[in-house]
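Participant: Sharing a model that was predicted from the sequence below.
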Amino acid sequence: MVAAYLEKLNEQQRLAVEHGVGLPADKAGGPLLIIAGAGSGKTNTLAHRVAHLIVNGADPRRILLMTFSRRAASEMSRRVERICKQVLASNAAIMTDALVWAGTFHGIGARLLRIYAEQIGLNVDFTIHDRADSADLMNLVRHELGLSKTETRFPTKGTCLSIYSRTVNSETPLSEVLRNRYPWVSEWEQQLKQLFTGYVEAKQAQNILDYDDLLLYWAQMVGDPELAEDIGNRFDHILVDEYQDTNRLQSSVLMAMKPGGRGLTVVGDDAQSIYSFRAATVRNILDFPKAFSPAADVITLDRNYRSTQTILAAANGVIDLARERFTKNLWTNRPSGERPRLLTVKDDNDQASYIVEQVLANRETGMMLKQQAVLFRSSSHSGPLEVELTRRNIPYVKFGGLKFLDSAHVKDILAVLRFAQNPLDRVAGFRLLQMLPGIGPQTAGRILDTIAADPEPLVSLAEVPPPPKTGEDWAHFVELLAGLRQSGSQWPLEIAEARAWYEPHLDRIHEDAETRKSDLLQLEQIASGYPSRERFLTELTLDPPDATSDQAGMPLLDEDYLILSTIHSAKGQEWRSVFMLNVVDGCIPSDLGTGTTEDIEEERRLLYVAMTRAKDSLTLVMPQRFFTGGQHAQGDRHIYASRTRFIPATLLQFFETATWPAVSAAASERSARQIRIDVAARMKTMWK
Ligand SMILES: Nc1ncnc2c1ncn2[C@@H]1O[C@H](COP(=O)(O)OP(=O)(O)OP(=O)(O)O)[C@@H](O)[C@H]1O
């Protein structure tokens with residue numbers, strides 16, 4: 001008998017779900033590539049495949065499921081449970097709870113590295129640096145090597161880290177990366193090598209891994225055939241979502257774990273590849289089939305279930321102009337709806353007013369706020385809209401905005417926990433010590449040097465004579481760390497202890513301590529969802545919660561709220577109504593890119609991703625004039641904008657063009673007649 005859930009799938013989806021299933025564990029099917037267009041049911045299909053494997057006897061503890069974000073992983077697990085329920089009834093939850101290896105590449109890497117730490121000579125207490133910490137460490141090393149005092153300008157810490165990261169992730173020699181991506185830095189190749197060597201040594205001495213190390217160490221680990229086999233054999237099935245956004249290193253890891261491709265499934269869409277700035281490469285998808293012998297099976301999902309015919313036609317039009325395409329155009333048998341709107345407004349205040357008016361009008365017709373989203377290329381674009389929403393009391397949640405974890409007070413608390421976990425972590429140590437009154441960078445550096453030489457740094461910390469002017473604060477500090485270090489400490493009680501210690505300092509350091517305290521409570525609540533300090537620190541660093549909302553804090557989940565999101569964070573989502581801000585040149589394509597053809601092509605795919613999020617209604621808004629960032633609030637630098645180059649005149653047939661507020665013929669006539677003085681004419685006559 002065919003399971004009922006299979007009947008809801010279309011033929012291609014079903015082939016993808018059933019591929020190689022039902023074979024004994026050691027005979028899992030051969031490799032499979034699912035090329036899935038936008039809205040073609042990729043997530044749905046992958047969830048069905050996992051459920052189908054489980055229903056057919058696969059051990060969920062031996063399934064490795066890698067997604068792009070933790071949010072996607074938990075959403076996938078929920079879907080798997082719902083599908084399994086149809087067959088396994090009450091046992092479904094037990095089986096899906098056992099799906100313990102679902103997460104991001106980096107998160108899974110961190111877990112495997114802890115398990116194999118001893119075998120690869122890694123101290124199991126390693127802490128992980130996020131990008132900002134890594135840049136700080138890079139900066140420290142840059143100073144130490146005297147590179148910050150060069151005559152011509154040496155690249156900034158951020159640029160150095162980007163170069164390092166791209167070189168590592170793309171498995172490309174430094175010289176080539178410099179030549180292709182950073183030609184203006186080429187003269188510094190030797191110094192950069194020296195800097196990167198110093199950076200690697202510093203990380204090792206401090207027992208720190210950065211994001212890239214998680215993949216790099218993992219790749220090195222599976223470079224050893226025995227370890228590769230051991231790790232590969234932990235999993236009967238490996239499934240990877242959003243394969244178009246993986247990089248060379250990630251594909252090397254996969255190939256090493258499953259050299260024959262048995263049990264390996266990857267899913268992706270080359271038209272939605274938007275992470276090449278992290279060295280992701282679309283070649284991973286393209287080269288996947290022939291990486292195996294016999295080649296991997298390829299199944300294409302090209303039926304779009306999400307969008308109306310009219311929205312899809314416009315999106316297809318945009319992606320059709322891409323230079324290189326591998327997947328076919330999508331089709332749908334959803335009826336045509338209104339054509340997507342291409343709306344001109346005066347400036348970004350009008351843009352905000354229009355959206356508020358429209359969102360409320362939609363709500364009047366029964367469309368909840370949650371079913372509507374406003375997307376933008378860059379987080380800063382939503383400023384005026386956020387003001388307008390707050391003023392009108394419309395709740396919203398913003399994704400991809402200022403990271404909660406970037407705020408100083410949250411970083412402070414995390415530094416406490418990180419230092420307790422790994423007292424060799426200098427970036428955490430520096431931050432922490434300087435919170436104490438009377439301790440500056442020099443004293444902090446000296447203390448860290450002293451304790452780093454001791455095999456038990458925190459014991460040695462207790463023996464450091466209290467630095468002058470620290471008063472009682474020093475004793476409290478030493479006591480706190482000793483308490484946190486004790487293995488008997490209970491999680492998440494530790495974070496409450498850290499907070500109790502930190503709050504008096506918070507009051508002293510920050511004027512708006514009260515609002516910051518509520519963030520710390522929220523952090524504590526998040527912490528209680530993790531089994532241990534180490535898991536909390538790791539996962540939070542790797543995949544921070546990216547939703548922020550207005551001062552009132554996150555709305556309750558059952559409340560209704562509008563979604564604001566960067567396009568990058570909108571990946572994989574869908575809404576009934578989608579508005580996109582600033583669909584003008586300079587915003588998309590963004591003028592931040594280097595302007596290379598590849599960068600421009602990626603911007604085109606971004607617009608495509610944004611457009612394909614819409615189910616029933618899509619509005620692209622084009623302010624004719626908007627204020628540029630990087631100036632104070634009352635600054636008046638603005639630019640006049642023109643429609644994005646990705647929608648040339650030939651594509652206008654797919655859109656309804658309009659202006660808001662609508663200018664009636666009578667009104668425009670009136671304004672023509674109302675001209676009181678013709679300045680232009682006077683100017684012209686001035687020189688006659
Ligand atoms: N066989 C099907 N029958 C009906 N609806 C389907 C089917 N498969 C998928 N859908 C619907 O299509 C929509 C898109 O599915 P899903 O989110 O899985 O797409 P996706 O391929 O992951 O999209 P994207 O890559 O654009 O993020 C969802 O609303 C889903 O319920």
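Facilitator: Happy to help now that I have it.

Participant: what number of residues lie near Val80?
Facilitator: 27 (other C-beta atoms under 10 Å). Backbone N, C-alpha and C define where each C-beta goes, glycine included.

Participant: now Pro465
Facilitator: 6.

Participant: Over to the one 4 residues further on?
Facilitator: Summarising burial for Lys469: neighbours were counted as other C-beta under 10 Å, giving 12.

Participant: Return the distance of it relative to the ligand.
Facilitator: 56 Å (C-beta to the nearest ligand atom, to the nearest Å).

Participant: ditto for Leu389
Facilitator: Leu389 is 26 Å from the ligand, by C-beta to the nearest ligand atom.

Participant: what does this protein put close to the ligand?
Facilitator: 8-10, 13, 36, 38-44, 269, 272, 305-306, 572, 574, 612 (C-beta under 6 Å from any ligand atom).

Participant: Quick one: mean pLDDT for stretch 445-456?
Facilitator: Here stretch 445-456 scores 90 as its mean pLDDT.

Participant: Surely Thr450 touches Pro465?
Facilitator: No - here Thr450 lies out of contact with Pro465, judged by C-beta atoms under 8 Å, at a distance of 10.2 Å.

Participant: okay, now the domains of this protein?
Facilitator: As given by the TED database, the domain ranges for the chain are 4-110+215-301, 128-206, 309-401+552-669, 404-542.

Participant: tell me how far the first one is from the chain's mean position?
Facilitator: I take that to be domain 4-110+215-301. 19 Å (C-alpha atoms, centre = their mean, to the nearest Å).

Participant: can you give me the end-to-end distance of it?
Facilitator: 21 Å (C-alpha to C-alpha, to the nearest Å).

Participant: so how many other residues sit close to the nearest residue to Ser642 once chain neighbours are set aside?
Facilitator: The shortest distance from Ser642 to any non-neighbouring residue, by C-beta to C-beta, 6 or more residues apart in numbering, is to Asp585 (5.6 Å). Residues contacting Asp585 under the criterion other C-beta under 10 Å number 18.

Participant: Please tell me I have it right and Gly572 contacts Gly268.
Facilitator: No - contact between Gly572 and Gly268 fails when scored by C-beta under 8 Å: they sit 11.7 Å apart.

Participant: Would you list the phi and psi of the residue nearest to Ser642?
Facilitator: Main-chain torsions, Asp585, degrees, to the nearest 10: phi -60, psi 140.

Participant: Also the one 3 residues further on?
Facilitator: Taking degrees, to the nearest 10, you get phi -140, psi 110 for the backbone angles of Ile588.

Participant: and the gap between it and Ser407?
Facilitator: Using C-beta to C-beta, to the nearest Å, Ile588 is found at 28 Å from Ser407.

Participant: Settle it for me: which of the two has more neighbours?
Facilitator: Ile588 (26 against 15).

Participant: dump the residue contacts of the more buried one.
Facilitator: By C-beta atoms under 8 Å, 6 or more residues apart in numbering, the residues touching Ile588 are 377, 582, 603, 606-607, 644, 646.

Participant: and the residue lying closest to it once chain neighbours are set aside, how far is that from Arg535?
Facilitator: Leaving aside its sequence neighbours, Ile588 sits nearest to Arg377 (C-beta to C-beta, 6+ apart; 4.7 Å). According to C-beta to C-beta, Arg377 and Arg535 sit 34 Å apart.

Participant: And Glu574, by the same measure?
Facilitator: Counting by C-beta to C-beta - Glu574 and Arg535 are separated by 31 Å.
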